[in-house]
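Colleague: Pasting the sequence and the predicted coordinates here, then a few questions.
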Amino acid sequence: MGATKTDFFTDEQNKIAVIAKALGHPARIAIIEYLLKVNECICGDIVNELPLAQPTVSQHLKELKNAGLIKGNIEGNSVCYCIDEKAFEILNVFFSNVIFTVKKQNCC
């Protein structure tokens, strides 16, 4: 089987792309903002905050978790989600480098 196109990029580039893709939907941004506001919650609370059906919210939570943006712990019949700071630190380093470099440039 041949190499996938992602094989031509660094692990760091692939990680950032996965994180950025997961953040590419407004519902996922709303979930992140809600988790930041409450610091921790269960899935049912998130469903009540968004104008989406429970299965749709669950799918968005799965995408965020797969990208490493959130983590969840099972508590009884519910899953308690919170922010996973590691992925946001990767984004922080990446965007800090971008901003630093852009500010130094004297480009069009």
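Modeller: Looks like it arrived, so ask away.
Colleague: in the chain, what secondary structure element scores lowest on mean pLDDT?
Modeller: The helix or strand of the chain with the lowest confidence, counting by mean pLDDT, DSSP states H and E, is strand 41-42 at a mean of 74.
Colleague: Adjacent strands (with direction) for it?
Modeller: strand 78-83 (antiparallel) (DSSP bridges).
Colleague: if we can go back for a sec, so how far is the least confident helix or strand of the chain from its chain's centroid?
Modeller: Taking Cα atoms, centre = their mean, to the nearest Å, one finds strand 41-42 lying 17 Å from the centre of the chain it belongs to.
Colleague: So what touches the helix or strand following that strand?
Modeller: Next helix or strand after strand 41-42 toward the C-terminus (DSSP states H and E): helix 43-49. With Cβ atoms under 8 Å, 6 or more residues apart in numbering as the contact definition, helix 43-49 has outside contacts at 30-31, 34-35, 38, 53-54, 57-58, 61, 78-79, 81. Just so you know, the C-beta spots here come from the backbone N, C-alpha and C atoms, and that holds for glycine as well.
Colleague: Now helix 43-49: buried residues?
Modeller: 43, 46-47, 49 (16 or more other Cβ atoms under 10 Å).
Colleague: cool, and stretch 92-108?
Modeller: With the criterion 16+ other Cβ under 10 Å, stretch 92-108 contains buried residues F94.
Colleague: Stretch 80-96 now?
Modeller: Neighbour counts over stretch 80-96 (16+ other Cβ under 10 Å) mark 81, 83-84, 87, 94 as buried.
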